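Student: Sequence first, predicted model second:
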Amino acid sequence: MKIIKKIWTEEKPTFEGKYYSIAEAINSPKPVQKPHPPILIGGRGRKLTLRIVAELADQCNFGGSLEPEGYVEILDVLNRHYAKVDRSPDEIEKTHIVYDAIIARSERDLKQKIKRFKPKNVSAHKFIKGNLIGTPEQIVEKIYKFIDVGVTYFMLRFLDMMALEPLMMFAEQVIPTFK
């Protein structure tokens, strides 16, 4: 990542590292975003990944099926790495990706969608707990729990995304809560 940042920000960067080196590398055109596009690092590895996040990332993501309590634990480890590299945890955007999001107008509709999309080898309780699943009101409540522990950006994949209704429901009934 040090090489990437140099290529994005310097005219003819040179770098000598343990594994890689460049000499007066040329990259043209440069990225439009200044000083460079954000670097997002994903993973939960407490020794290496989170150390690299603290040192070099602009954004981090700890993966899917994670509850707010799990974020607190990982952020504690990340904060210890920040202290070692003299960087503030506030400098980085904490993202949360939800691979299995389901939104439904009613509990009845929600049960039908859960039955349709839940993997066979996962209990309904675990499926609901580890993902963003519920009515608009329940989804808002879950998102606030993540915000309360420090999540600043969400990426969602709705399981029934080919239907326009869930996306519209989210856009009209959930997003306005957070503006």
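Tutor: Received it, and whenever you're ready, just let me know what you need. Numbering: from 1, shown residues only.
Student: List the first helix or strand encountered after the longest helix anywhere in the chain toward the C-terminus.
Tutor: Assignment by DSSP state H gives helix 68-85 as the longest helix of the chain. With elements assigned by DSSP states H and E, the helix or strand that comes after helix 68-85 is strand 93-103.
Student: I'd like to know which elements that next one is packed against.
Tutor: strand 59-61, helix 68-85, helix 107-117, strand 132-134, helix 136-148, strand 153-158, helix 164-173 (3 or more Cβ pairs under 8 Å, 6 or more residues apart in numbering; DSSP states H and E). The C-beta positions use only the backbone N, C-alpha and C, and glycine is treated the same way.
Student: Just the CA atoms of the longest one, as PDB, please.
Tutor: Same thing as helix 68-85. In PDB, the C-alpha atoms belonging to helix 68-85 read as follows (Å, rounded to 0.1, in the frame of the first residue of the first chain):
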ATOM      1  CA  PRO A  68     -22.300  -4.800  17.500                       C
ATOM      2  CA  GLU A  69     -20.600  -6.500  20.500                       C
ATOM      3  CA  GLY A  70     -18.100  -8.100  18.100                       C
ATOM      4  CA  TYR A  71     -17.300  -4.700  16.700                       C
ATOM      5  CA  VAL A  72     -16.500  -3.400  20.200                       C
ATOM      6  CA  GLU A  73     -14.000  -6.200  20.700                       C
ATOM      7  CA  ILE A  74     -12.300  -5.700  17.400                       C
ATOM      8  CA  LEU A  75     -12.200  -1.900  17.800                       C
ATOM      9  CA  ASP A  76     -10.500  -2.300  21.100                       C
ATOM     10  CA  VAL A  77      -7.700  -4.300  19.500                       C
ATOM     11  CA  LEU A  78      -7.500  -1.800  16.600                       C
ATOM     12  CA  ASN A  79      -7.300   1.100  19.100                       C
ATOM     13  CA  ARG A  80      -4.200  -0.600  20.700                       C
ATOM     14  CA  HIS A  81      -2.600  -0.800  17.300                       C
ATOM     15  CA  TYR A  82      -3.400   2.900  16.700                       C
ATOM     16  CA  ALA A  83      -1.600   3.800  19.900                       C
ATOM     17  CA  LYS A  84       1.600   2.000  18.600                       C
ATOM     18  CA  VAL A  85       1.600   3.900  15.300                       C
END
